[in-house]
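Novice: Sequence and predicted structure below; questions after.
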Amino acid sequence: MTLDTILSFFLTSLVLTIAPGPDVMYVLSQSISKGRNYGIAAALGLSSGLLFHTTLLAFGISTMITAIPWLFQAIKIFGALYLLWIAYNVFKSPASFHLKESTSQVDKPIKNVTQGLIMNISNPKVMLFFLALFPTFLNPSLGNVKLQVYTLGSIFMIQALIVFVLYAIIASSLTLVLRESKAFNLILKWLQIVVFVTLAFFMFF
């Protein structure tokens, strides 16, 4: 794989990642509502899921899944229902988050890693995105196509993690003072609910 190809792919993936989308919305909502560590945890989970999609693409499984309508639809439904389940849990939780609370009384960041991972893995749009983007940068004449796919997948995953973490840090810094306000906490609670329901809608349709 040539340096020009790698650079072109990096710039393309960077532009696509920076553009506001469902993943960015999720990272921002978690960072604003719960704090920087939660946003970073969400970023880590979302980025880790890209390795899963890279593996599916490398072994041709993505193509098989998209070719089976009922399986593809089942993945979409599962992803959408999972997001709605998260939204329901946010709705049931109190509209408050205090940084001085003990860790036993609040969700731990690892939960956001798991949520981000499941969200990414169960999102068929990511699968379709990889199927559309990666082949443009692959060159079978250079040998080992699987290695090329994993190289591109690693580049995508690393730059996505960096971008998402930066989003989390900036968002949390802007809301650090306001987070102690009860009114602001109520707004943040409903922001999360709206984000998850919206993501479920876009994932399904």
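Specialist: Looks like it arrived, so ask away.
Novice: Could you use CA atoms for every contact and neighbour count after this?
Specialist: Will do.
Novice: Do I have it right that residue 78 meets residue 120?
Specialist: No: with contact defined as C-alpha atoms under 8 Å, residue 78 does not count as touching residue 120 (11.8 Å).
Novice: give me the number of residues near residue 26?
Specialist: 24 (other C-alpha atoms under 10 Å).
Novice: just to revisit the earlier point, the more surrounded of residue 78 and residue 120?
Specialist: Between residue 78 and residue 120, residue 120 has the larger neighbour count (other C-alpha under 10 Å), namely 23 against 17.
Novice: and the more buried one, what does it touch?
Specialist: Under the criterion of C-alpha atoms under 8 Å, 6 or more residues apart in numbering, the neighbours of residue 120 are 45-46, 49-50, 126.
Novice: Lowest-confidence member of those residues, which is it?
Specialist: In terms of pLDDT, the weakest of these is residue 126, which scores 83.
Novice: And the helices in the protein?
Specialist: 3-18, 22-34, 36-58, 61-66, 69-92, 109-121, 124-133, 145-175, 182-204 (DSSP state H).
Novice: between those, which one is nearest to residue 139?
Specialist: Closest approach to residue 139 among the helices of the chain is made by helix 145-175 (7.4 Å; C-alpha to C-alpha).
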